[in-house]
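Chemist: give me the fold of what follows.
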Amino acid sequence: MIHEDITEKILNCCFEVINTLGVGFLETVYKKALLIAMIDKGLKVTSDRGFEVAFRGRKIGVFVPDLIVEDLVIVELKAVEHLLGEHQAQLINYLAVTDIRAGLLVNFGRKKLEYKRMYHPTYPAACDRADPVSF
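Modeler: Just a heads-up that it's a prediction; the model follows:
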């Protein structure tokens, strides 16, 4: 698995957060707690870094992954009853248009932490590569 050591550290932090906070909070609460847990473990974490999306050479929008860890793993957080195909598609698209090869989709909306490891797809993205932007 790609970046297994980093994804394991991230997941350990996710388990710490869910075991401490439990369920019922908004995604933003889990995001802030996870950010603290990962920084305390010595991980380099970027929050709210935007990427500009282009279609046929024209800028059409910006997407913002929840967290980027060590510039190697995108972490997309949810606080929902169940992870859906749309959530997976979101992370796959993020991976497809960036240089980042591994991702974690993490759901804090259940008593038991739900997560999926995902990797850069082998097919090309539906749009042009996304470029990092500053806010």
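
Chemist: which phi and psi values does the nearest residue to residue 48 once chain neighbours are set aside adopt?
Modeler: Spatial nearest neighbour of residue 48, excluding adjacent residues (C-beta to C-beta, 6 or more residues apart in numbering): residue 64 at 5.5 Å. Quick note: C-beta positions are derived from backbone N, CA and C, even for glycine. In this entry, residue 64 is assigned phi and psi values of phi -130, psi 100 (degrees, to the nearest 10).

Chemist: what is the least confident helix or strand in the chain?
Modeler: strand 131-133 (a mean of 67; mean pLDDT, DSSP states H and E).

Chemist: show me what stretch 76-87 is in contact with.
Modeler: With contacts defined as C-beta atoms under 8 Å, 6 or more residues apart in numbering, stretch 76-87 is touched by 23, 25-27, 30-31, 34, 65-67, 90-91, 94, 103-110, 114, 116.

Chemist: so residue 37 sits against residue 16, correct?
Modeler: Yes - using C-beta atoms under 8 Å, residue 37 is in contact with residue 16, at 5.3 Å.

Chemist: what does the helix ranked longest in the chain contact?
Modeler: Ranked by residue count under DSSP state H, the longest helix found in the chain is helix 4-21. Under the contact criterion C-beta under 8 Å, 6+ apart, helix 4-21 has outside partners 1, 29-30, 33-34, 37-38, 41, 43, 69-70, 72-73, 75, 102, 104, 106, 108, 113, 115, 117.

Chemist: all good on my end, thank you.
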